[in-house]
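Undergrad: Output the structure for:
(one chain, ligands or ions: 1)
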Amino acid sequence: MTQIKLLISDVDGVWTDGTFYKGSDGMEFKRFTVLDGVGIAMARAADLKIALISGRYSPATEHRAKELKIEDVYNGSLNKLPAYEALKEKYNLDDSEIAYIGDDLIDIPVMEKVGVPIAVANAAPEVKAIIKYTTKISGGYGAFREAVAWIIEEKGETDMVMQRMKEKVLNSQE
Ligand SMILES: [Mg+2]
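TA: Predicted coordinates:
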């Protein structure tokens, strides 16, 4: 656990509860939680890299990722392994240095490779059967933030990260 340098996240079912609204004009709406945005800030404070791999292309996902300035976003990769391999190569990491959080069957091939696979509380039973840790919180309600906090805690960095977060807020000009 102490060696984890990159946390890869699925989007639908993790950053959302899996549902989305679709208007008659095709416009799509998703409900994200600010809690997961805080999770991104915590990860940055811990020097933990974050990447998203979503199986289903969605402009709403793209927009949210841009807002949070997430650099590595694969939006519409049903087979997630090529994206996973590209990230591994980009950051020169071993499988053991990577964690992945997901909720359904298409996440399993990557989950079987990474050092720390994490399921959300609402994950499919087939996913829960192969993972090391299940969040208490469901996707769309801060499950991603919980996973980040758990990794930080396991690395013994909680105090350091809380201090950095506090300084960031106090020094903010916004
Ligand atoms: Mg999913």
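Undergrad: From here on, just use CA atoms for contacts and neighbour counts.
TA: Noted.
Undergrad: distance between the helix ranked longest in the chain and the chain's centre?
TA: Longest helix of the chain, by residue count under DSSP state H: helix 158-171. How far helix 158-171 lies from its chain's middle: 21 Å, per CA atoms, centre = their mean, to the nearest Å.
Undergrad: now swap in stretch 19-32 and tell me
TA: The answer for stretch 19-32 is 21 Å, by CA atoms, centre = their mean.
Undergrad: swap in stretch 10-18?
TA: Counting by CA atoms, centre = their mean, stretch 10-18 is centred 9 Å from the centre of its parent chain.
Undergrad: what's in contact with that stretch?
TA: 19, 30-33, 36, 52-55, 61, 100-103, 107, 120, 122-123, 138-144 (CA atoms under 8 Å, 6 or more residues apart in numbering).
Undergrad: let's go with 6 Å and repeat that
TA: 32, 52-54, 102-103, 139-140 (CA atoms under 6 Å, 6 or more residues apart in numbering).
Undergrad: re the thing from before, now the longest helix of the chain: buried residues?
TA: Buried residues in helix 158-171, counting neighbours by 16 or more other CA atoms under 10 Å, are found at 158, 161, 164-165.
Undergrad: and the gap between Val11 and Lys69?
TA: 15 Å (CA to CA, to the nearest Å).
Undergrad: what does this structure put close to the ion?
TA: 12-13, 103 (CA under 5 Å from the ion).
Undergrad: can you rerun that using 8 Å?
TA: Counting by CA under 8 Å from the ion, the chain comes close to the ion at 10-14, 18, 54-55, 102-104, 106-107.
Undergrad: Determine the number of other residues adjacent to the residue lying closest to Asp47 once chain neighbours are set aside.
TA: Excluding the flanking residues, the one nearest Asp47 by CA to CA, 6 or more residues apart in numbering is Lys5, at 7.7 Å. For Lys5, the neighbour count with other CA atoms under 10 Å is 20.
Undergrad: Perfect, I'm done here.
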